[in-house]
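S.K.: have a look at this fold, sequence not included:
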């Protein structure tokens, strides 16, 4: 592949989609086909996937598009969009570094070493990394931080998230981002949170001032639900977001890919994508 950094025509952003036969991968391929500013040029899967050699468009239910699923990029691309397991993200990150191409990743559950590797890679290529790429959740993150800064420690904070039975990490990356947003806001008047409590059982004693509670549910086919409750003795204020379709996340990721194409190396978030000038 060429080592140049930008799409030479600037007419379309050329996408590589990892996990092409996964639930998110198929929706990314289908939705990208509807956007005249995007072109899927490479569909990627691990080497033992039964989808290797198949047409990516047929897998996505949109009819043949001539892009054959492979275990390495078969065409030059501008941005690789990745929703996979952590090991897969590390593998595709290596391809992006080698080709000096940008990456959008929504993978959660990275280990500290894997997170460090992604951060280091951002010194060489442009990366958007976000646990949740929906517009609504990213507005929620902004509001959660604002409320953390506005409501003092007399307000107890509880974060609850629910996902489908197949999700392998808990709490969700979005719940962790909400925790961090609230905690960052709260330092304005209270300093760091006293503690983070993951679930409760038995004789826990009275709640500690400044404590943030986190709770995870795994059931059925829930796409994603997140709530943040701020409660004092006289009132409760609740922020909530419910995703009804993976298209919510896929649409955000494709928007991020268009925004990222041609940008300089660095680590970007969905807050940058949605709210920067």
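M.R.: Great, that's in hand. Just so we're clear, the structure is a prediction, and the values are computed from it rather than from any experiment.
S.K.: please count neighbours and contacts with C-alpha atoms only from this point.
M.R.: Will do.
S.K.: quick one: low-confidence parts of this structure?
M.R.: 1-10, 188-194, 277 (pLDDT under 70).
S.K.: which positions in the longest helix seen in it come out as buried?
M.R.: Counting by DSSP state H, the longest helix found in the chain is helix 173-190. Judged by neighbour count (16 or more other Cα atoms under 10 Å), helix 173-190 contains these buried residues: 173-186, 190.
S.K.: next one: stretch 62-82
M.R.: Using 16+ other Cα under 10 Å as the test for burial, stretch 62-82 gives 67-74, 76-82.
S.K.: if we can go back for a sec, other SSEs contacting the longest helix of the chain?
M.R.: The contact analysis (3 or more Cα pairs under 8 Å, 6 or more residues apart in numbering; DSSP states H and E) places helix 173-190 against helix 135-150, strand 156-163, strand 224-231.
S.K.: if you set the cut-off to 7 Å instead, what comes out?
M.R.: Counting contacts by 3 or more Cα pairs under 7 Å, 6 or more residues apart in numbering; DSSP states H and E, helix 173-190 is packed against helix 135-150.
S.K.: how far away from the center of its chain is the longest helix of the chain?
M.R.: Its chain's C-alpha centre and that of helix 173-190 lie 17 Å apart, by Cα atoms, centre = their mean, to the nearest Å.
S.K.: and stretch 35-42, by the same measure?
M.R.: 20 Å.
S.K.: buried set for it?
M.R.: Neighbour counts over stretch 35-42 (16+ other Cα under 10 Å) mark 38-42 as buried.
S.K.: show residues contacting that stretch.
M.R.: By Cα atoms under 7 Å, 6 or more residues apart in numbering, the surrounding residues in contact with stretch 35-42 are 11-17, 29, 32-33, 67, 73-75, 77.
S.K.: again, only this time at 6 Å
M.R.: Outside of stretch 35-42, the residues within contact range by Cα atoms under 6 Å, 6 or more residues apart in numbering are 12-16, 32, 73.
S.K.: walk me through the domains of the chain.
M.R.: Domain ranges of the chain: 13-129+246-275, 135-243, per automatic domain parsing.
S.K.: ranking the ones you listed by burial, who's on top?
M.R.: Across these, averaging neighbours per residue (mean count of other Cα atoms under 10 Å) puts domain 13-129+246-275 on top, at a mean of 20.
S.K.: straight-line length of that domain, end to end?
M.R.: End-to-end span of domain 13-129+246-275 (Cα to Cα, to the nearest Å): 21 Å.
S.K.: ok, stretch 69-77 next?
M.R.: End-to-end distance of stretch 69-77 (Cα to Cα): 14 Å.
S.K.: same check on stretch 210-228?
M.R.: Stretch 210-228: ends 14 Å apart by Cα to Cα.
S.K.: need the residues that contact that stretch.
M.R.: 153, 157-165, 171, 193-199, 238-243.
S.K.: sorry, back to before: as JSON lines, the contacts of stretch 35-42 with secondary structure would be great.
M.R.: What follows is the contacts of stretch 35-42, written out as JSON lines (DSSP: H, G, I helix; E, B strand; the rest coil):
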{"residue": "12", "secondary structure": "coil"}
{"residue": "13", "secondary structure": "strand"}
{"residue": "14", "secondary structure": "strand"}
{"residue": "15", "secondary structure": "strand"}
{"residue": "16", "secondary structure": "strand"}
{"residue": "32", "secondary structure": "helix"}
{"residue": "73", "secondary structure": "coil"}
